[in-house]
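Enquirer: Show me how the following folds:
(one chain, ligands or ions: 1)
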Amino acid sequence: MRMSSYFLPTLKETPSEAQIVSHRLMLRAGMIRQTSAGIYAWLPLGWKVLQKVSQIVREEQDRAGAQELLMPTIQSADLWKQSGRYEAYGKEMLRITDRHDREMLFGPTNEEMITDIFKTFVKSYKDLPRNLYHIQWKFRDEVRPRFGVMRGREFLMKDNYSFDLDAEGARLSYRKMFLAYLRTFARMGIKAIPMRADTGPIGGDLSHEFIILAETGESQVFCDKQWLDMDVLADNPDANGDLKDFFTKYTSIYAATEEMHDAAKAPADLVTARGIEVGHIFYFGTKYSAPMGAVVTGPDGQPVTVEMGSYGIGVSRVVAALIEASHDDAGIIWPDQVAPYKVALINLKADDEACRSTCDGLYARLQDAGVDVIYDDRNERPGAKFADMDLIGIPWQLTIGPRGLKAGTVELKRRATGEKLELPLEEALAKVMA
Ligand code: 5CA
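Expert: Numbers count the residues shown, from 1 in each chain. The predicted model follows:
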């Protein structure tokens with residue numbers, strides 16, 4: 001992407017309406033634009049990060065055997081009357097009446113709709129288990145939307161739903177998702193700690209929230225210091241096994257939200273911190289399948305009501321949480337895995353012929369190699385260029401200037417550490433392409 005033609009409305013001033021750092025930086029970096037209270041347009045840079053985050057979520061869902069589909073945002077109230085949640089959900093549900101006076105709603109979650117789809121097609125135990133997910137916008141009419149996309153009214157969620165013949169199968173589905181969630185967040189370069197949690201309006205008796213530790217988190221959380229050293233990617237449990245040992249290991253280390261915290265059970269080495277909930281998983285048995293009639297024929301020919309779980313990740317909230325976890329005074333520091341661009345190519349003197357042709361050549365080579373690169377080809381002060389790249393948090397900055405070019409060198413800066421190296425051009429290129 002060439003900066004000269006990029007729709008990237010960065011701000012120099014700190015917006016006064018933003019109370020937390022991720023909200024301030026998302027506005028300053030030109031990632032989002034509020035269009036109504038708690039409703040945001042995702043501008044090109046923000047959208048790119050949102051897609052990178054979605055893709056990691058998707059890959060880990062697929063790896064765990066879940067299958068992607070796409071359900072609509074608008075749902076019929078009838079489905080919610082069947083499950084009994086239509087009245088119970090209260091004012092957080094945005095209710096809509098269509099031109100034929102039919103009651104509709106903007107989906108806050110999809111248990112009812114997926115159960116309806118499932119029961120239409122699946123009639124036999126032979127077609128179980130199944131796990132279906134989508135990545136779709138949700139609407140919850142929060143009383144106090146705040147902190148930008150952290151607590152929005154419209155937000156992007158990955159939600160999936162598991163269907164099993166019995167409780168044992170459903171618990172295995174739950175453990176598979178528990179692993180998929182740990183892997184998903186670890187791959188994004190952040191630590192999310194699973195904590196036993198309340199089930200709220202979704203229901204059920206087994207539930208974990210996945211929490212990222214950050215000063216601006218909305219809730220107080222407590223965990224064993226051991227959590228800070230856990231590494232699920234290194235542990236690499238066998239995803240095709242029963243996952244019982246893995247689950248026991250990861251659930252026996254103390255971690256609790258404020259509602260579930262019990263000082264008597266907490267370890268001596270306790271971390272007390274603020275946390276952001278980026279995911280939430282539930283096992284709720286037949287809460288939806290029973291009232292909605294999701295019944296299959298079992299091996300003995302008798303009807304069996306299926307056992308279900310649901311699993312959510314706040315994909316748009318994750319973008320803000322990543323920034324809360326990784327930034328400095330100059331701006332965002334994207335972990336490599338979710339960075340909108342891997343390399344920033346900065347031409348220090350856009351009107352210098354040698355600089356321009358070298359940069360154009362580098363840009364083409366990086367693009368041909370499939371490297372996501374943003375190229376500052378604008379006629380601006382060097383200071384403004386560096387400030388913009390630091391603000392939008394690109395992991396590698398490759399700077400080309402007339403003095404270096406004469407000596408055959410370029411400057412390579414690592415955003416996360418601030419470390420700068422003068423390197424021969426080819427060497428710098430090899431480093432960022434690695
Ligand atoms: N149906 C279940 C799981 S699929 C469900 O809806 N769970 S949830 O209510 O816990 O939401 C899942 C995730 O969505 C939360 O963990 C949180 O990360 C995110 N989320 C919830 N409300 C908001 C909101 N108002 N703004 C941004 N993200 C939200």
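
Enquirer: can you list the residues of the chain near the ligand?
Expert: 109, 111, 140, 142, 151-152, 155, 157, 159, 202, 277-280, 310-312, 314, 316-317 (C-beta under 6 Å from any ligand atom). Where C-beta positions appear, they are placed from N, C-alpha and C, glycine not excepted.

Enquirer: Buried among those? Make that a ChimeraX selection.
Expert: The ChimeraX selection below is limited to those of the residues of the chain next to the ligand classed as buried (16 or more other C-beta atoms under 10 Å):
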select :109,111,140,151,152,155,157,159,202,277,278,279,280,310,311,312,314,316,317
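
Enquirer: Show me the helices in this protein, by range?
Expert: Secondary structure of the chain (DSSP state H): helices located at 21-28, 44-63, 77-83, 85-88, 111-121, 167-187, 232-235, 244-252, 289-292, 315-325, 353-368, 382-392, 402-407, 425-433.

Enquirer: Any idea how far the third one is from the middle of the chain?
Expert: Yep, that's helix 77-83 we're talking about. 29 Å (C-alpha atoms, centre = their mean, to the nearest Å).

Enquirer: Just the mean pLDDT for that helix, thanks.
Expert: Helix 77-83 comes out with an average pLDDT of 96.

Enquirer: just the last one next, same as before
Expert: Predicted confidence along helix 425-433 averages 94 (mean pLDDT).

Enquirer: Could you export that helix as PDB, CA atoms only?
Expert: Provided in PDB are the C-alpha atoms of helix 425-433 (Å, rounded to 0.1, in the frame of the first residue of the first chain):
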ATOM      1  CA  LEU A 425      20.300  -3.200   1.700                       C
ATOM      2  CA  GLU A 426      20.200  -6.900   0.800                       C
ATOM      3  CA  GLU A 427      20.900  -8.000   4.400                       C
ATOM      4  CA  ALA A 428      18.000  -5.800   5.700                       C
ATOM      5  CA  LEU A 429      15.700  -7.200   3.100                       C
ATOM      6  CA  ALA A 430      16.600 -10.800   4.000                       C
ATOM      7  CA  LYS A 431      15.800 -10.000   7.600                       C
ATOM      8  CA  VAL A 432      12.300  -8.600   7.000                       C
ATOM      9  CA  MET A 433      11.500 -11.400   4.500                       C
END
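
Enquirer: Out of the helices of the chain, which gets nearest to residue 346?
Expert: When those are compared by C-beta to C-beta, helix 382-392 sits nearest residue 346, at 5.3 Å.

Enquirer: List the buried residues for stretch 416-434?
Expert: 423, 425, 428, 429, 432.

Enquirer: which one of the residues you listed sits closest to residue 41?
Expert: Using C-beta to C-beta, those come closest to residue 41 at residue 432, 31.3 Å.

Enquirer: Is that closest one in contact with residue 343, as I believe?
Expert: Yes - using C-beta atoms under 8 Å, residue 432 is in contact with residue 343, at 4.9 Å.

Enquirer: so what sits against both of these two?
Expert: 366, 371, 396, 398 (C-beta atoms under 8 Å, 6 or more residues apart in numbering).

Enquirer: Of those residues, which is the most crowded?
Expert: Counting neighbours by other C-beta atoms under 10 Å, the top entry in the shared contacts of residue 432 and residue 343 is residue 398, with 25 neighbours.

Enquirer: ok, now which ones touch the closest residue to residue 227 other than its chain neighbours?
Expert: Nearest residue to residue 227, sequence neighbours excluded (C-beta to C-beta, 6 or more residues apart in numbering): residue 193, at 5.1 Å. The contact partners of residue 193, taken as C-beta under 8 Å, 6+ apart, are 210, 211, 212, 213, 221, 223, 227, 255, 275.

Enquirer: can you rerun that using 6 Å?
Expert: Counting by C-beta atoms under 6 Å, 6 or more residues apart in numbering, residue 193 touches 211, 223, 227, 255.

Enquirer: What distance do you get for residue 42 to residue 148?
Expert: Distance, residue 42 to residue 148, by C-beta to C-beta, to the nearest Å: 12 Å.

Enquirer: if you count what's nearby, which of these two comes out ahead?
Expert: residue 148 (28 against 19).

Enquirer: leaving aside the residues next to it on the chain, what's closest to the more buried one?
Expert: Nearest to residue 148 is residue 23, by C-beta to C-beta, 6+ apart, at 3.4 Å.

Enquirer: Run a quick neighbour tally on that neighbour.
Expert: Residue 23: 23 neighbours (other C-beta under 10 Å).

Enquirer: Test my guess that it contacts residue 145.
Expert: No - shown here, residue 23 and residue 145 do not form a contact pair, counting by C-beta atoms under 6 Å, at 11.4 Å.

Enquirer: For the closest residue in space to residue 10 that isn't next to it in sequence, list the residues it contacts.
Expert: Closest residue to residue 10 apart from its sequence neighbours, by C-beta to C-beta, 6+ apart: residue 30 at 4.7 Å. Residue 30 makes contacts with 8, 9, 10, 43, 45, as judged by C-beta under 6 Å, 6+ apart.

Enquirer: Narrow the residues you listed to those that are buried.
Expert: So, by 16+ other C-beta under 10 Å, the buried ones in the contacts of residue 30 are 8, 10, 43, 45.

Enquirer: Hmm, residue 31 and the last one touching each other?
Expert: Yes - taking C-beta under 6 Å as the contact criterion, residue 45 and residue 31 are neighbours in contact, 5.1 Å apart.

Enquirer: Burial check on residue 260, number of neighbours?
Expert: 16.
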